[in-house]
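K.L.:
Fold the following, please.
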Amino acid sequence: MSWKWEYAFGAEEAARTAPAAFLADVARKAEELVRAAEALYLHGPAHQQPDPKDGEVIVPGGMFRYQIIVRSERLYVVQITYLGF
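P.N.:
Numbering: from 1, shown residues only. Purely as a prediction, here's the structure:
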């Protein structure tokens, strides 16, 4: 298994209406977080501790919330907020 990120819940629906440049920034930051999680949790499927707390990242134009599920080796973007600035 390999670490990946994906939209979850309502974030997938919200991503359909957000501008492409904003979504590119979300994807870039999500990929950075995936690389960091992969380095921190080398043996993801064997992880026995609780998953880390969710987080927020500010990107140009808005923000997104994410949750890391270590045993699944996934980062889920659970909410995106486009503010248009």
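
K.L.:
from here on, contacts and neighbour counts on C-alpha atoms
P.N.:
Fine.

K.L.:
per-residue confidence for Phe85?
P.N.:
pLDDT recorded at Phe85 is 67.

K.L.:
Specify the beta-bridge partners of the spatially most central residue of the chain.
P.N.:
Central residue of the chain (Cα atoms, centre = their mean): Val77, 3.9 Å from the mean position. Counting by DSSP bridges, Val77 is bridged to Tyr7, Tyr66.

K.L.:
so how far is Ala46 from it?
P.N.:
Applying Cα to Cα, to the nearest Å, the value for Val77 to Ala46 is 23 Å.

K.L.:
Tell me which helix or strand in the protein has the weakest average pLDDT.
P.N.:
Sorting the helices and strands of the chain by mean pLDDT, DSSP states H and E puts helix 11-15 at the bottom, at a mean of 86.

K.L.:
Now it: buried residues?
P.N.:
Using 16 or more other Cα atoms under 10 Å as the test for burial, helix 11-15 gives Ala11, Ala15.

K.L.:
And stretch 24-43, by the same measure?
P.N.:
Across stretch 24-43, burial judged by 16+ other Cα under 10 Å covers Asp25, Val26, Ala27, Lys29, Ala30, Glu31, Leu33, Val34, Ala37, Glu38.

K.L.:
likewise stretch 58-77?
P.N.:
For stretch 58-77, by 16+ other Cα under 10 Å, it's 59, 61-71, 73-77.
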